[in-house]
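1. Sequence first, predicted model second:
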Amino acid sequence: MYFDDIKIQNVIHRFISGTKRENNLHAEVNSLEFIRCGYVLFFHDDGTRKETIRLNAPVFFWTRQGDDYMIIPDEESPRMKYVEHIYVDFTGPRTGRMVEALYELYPSGKMTPLEPEKIFETFRKILYLYRIDPVQNSAEIGMLLETLMFYVCSEKYNNKTDGYDHYKLETIADDIRSNPFKDYNFSATAKSLGITPDHFRRLFRGKHHLTPTAYLNHQRMIRAVELLEKTDMRIKEIVFTCHFNSVIGFSRSFKKYSGLSPREYRQKRNQ
């Protein structure tokens, strides 16, 4: 049979509380995994290097048979009380090729899907069929696994095509860098793109590693540093020019950014 080279070992849909800790696991199988909501730390050891990867939902990732790994909730992101995690464990020659193909496309071992609910629903269909009869439904499960691969691979290829930026994430970031003092309404931006504000934030963070608001504040902070270094403007004037809400809020953010208060930073630069 066509799908005989895929053996499904397990399909799990679970919710991990913020206090749960797992033991280090040695992967006896390959797996495709999806974090639908929450934040986790993924400790991975492939025998040649050890790394810790922060996974922010929604994120699709995978593990390779023979590797060691551990997943724990990220305590630095306490906003989520739980992590929603769904995954498929499988073995067989084709599954090894799937995982290696994913690593070739995404060397980091993860990707942020543009349409996360499509990925999640595919996992749910696999779970449903597996619970009914994994043997009888093996062909359909195999087709759904191939569908997952198609979604993930096609996103990579589409993003490469002619520099296509479907949600204008690079264009928006360019505008923020060029005009950091402009008033931005990211909810309105999301609406104009036909997506929810939460989804827009996830996509932007997946592309630029910061939410739109954090990215904007970072660019404003860069300009504030330039004004501290190159002008004699008072700190109040810099706060107003850079569109920060208050002197106190700016001072706290600046100290987090540079390790010094604005006044200390200026004094040190002038020494």
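-> That came in fine, so what should we check first?
2. So this structure: which segments form each domain?
-> As given by automatic domain parsing, the domain ranges for the chain are 7-162, 169-270.
3. Mean pLDDT and mean neighbour count for those domains - can I get that in TSV?
-> Bear in mind the C-beta positions are built from the backbone N, C-alpha and C, glycine included. Below are the domains of the chain laid out as TSV (pLDDT from 0 to 100; neighbours: other C-beta atoms under 10 Å):
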stretch	mean pLDDT	mean neighbour count
domain 7-162	84	16
domain 169-270	87	15
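4. From residue 112, how far off is residue 106?
-> Distance of residue 106 to residue 112, given as C-beta to C-beta, to the nearest Å: 10 Å.
5. Tabulate the CA atom coordinates of the helix or strand hosting residue 71 in CSV.
-> Residue 71 is part of strand 68-73, with elements assigned from DSSP states H and E. Extracted C-alpha coordinates of strand 68-73, given in CSV (Å, rounded to 0.1, in the frame of the first residue of the first chain):
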residue,chain,number,x,y,z
ASP,A,68,16.9,14.3,23.1
TYR,A,69,14.4,17.1,23.9
MET,A,70,12.3,18.6,26.6
ILE,A,71,9.4,21.1,26.5
ILE,A,72,8.5,23.3,29.5
PRO,A,73,6.2,26.4,29.8
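6. quick check, distance from whichever helix or strand comes after it to the centre of its chain.
-> Using DSSP H and E, the helix or strand that follows strand 68-73 in sequence is strand 82-91. Relative to the chain's own centre, strand 82-91 is displaced by 16 Å; criterion: C-alpha atoms, centre = their mean, to the nearest Å.
7. can you give me the helices in the stretch 1-150 of the chain?
-> Taking DSSP state H, counting those that start in this stretch as the test, the helices found in the stretch 1-150 of the chain are 93-105, 116-132, 138-160.
8. Please apply the same query to the stretch 151-271 of the chain.
-> Applying DSSP H, counting those that start in this stretch to the stretch 151-271 of the chain gives helices spanning 169-178, 186-192, 197-208, 212-230, 235-241, 247-258, 262-270.
9. mind putting the ones you listed in TSV, distance to residue 45 included?
-> Shown next, in TSV, are those (distance: least, C-beta to C-beta, whole Å):
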stretch	distance to residue 45
helix 169-178	32
helix 186-192	38
helix 197-208	25
helix 212-230	31
helix 235-241	46
helix 247-258	32
helix 262-270	40
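10. ok, the closest residue in space to residue 69 that isn't next to it in sequence to residue 88 distance?
-> In this structure, residue 69 finds its nearest non-sequential neighbour in residue 44, 4.9 Å apart by C-beta to C-beta, 6 or more residues apart in numbering. Separation of residue 44 from residue 88 (C-beta to C-beta): 18 Å.
11. what's the answer for residue 58, then?
-> According to C-beta to C-beta, residue 58 and residue 88 sit 16 Å apart.
12. Determine which of the helices of the stretch 1-150 of the chain approaches residue 245 most closely.
-> Among the helices of the stretch 1-150 of the chain, helix 116-132 comes nearest to residue 245, with 32.2 Å by C-beta to C-beta.
13. From the chain's centroid, how far away is that closest one?
-> Relative to the chain's own centre, helix 116-132 is displaced by 21 Å; criterion: C-alpha atoms, centre = their mean.
14. residues in contact with it?
-> 8, 11, 13, 34, 36, 57-58, 60, 86-88, 113, 137, 140-141, 144-145, 147-148, 151-152, 199, 202 (C-beta atoms under 8 Å, 6 or more residues apart in numbering).
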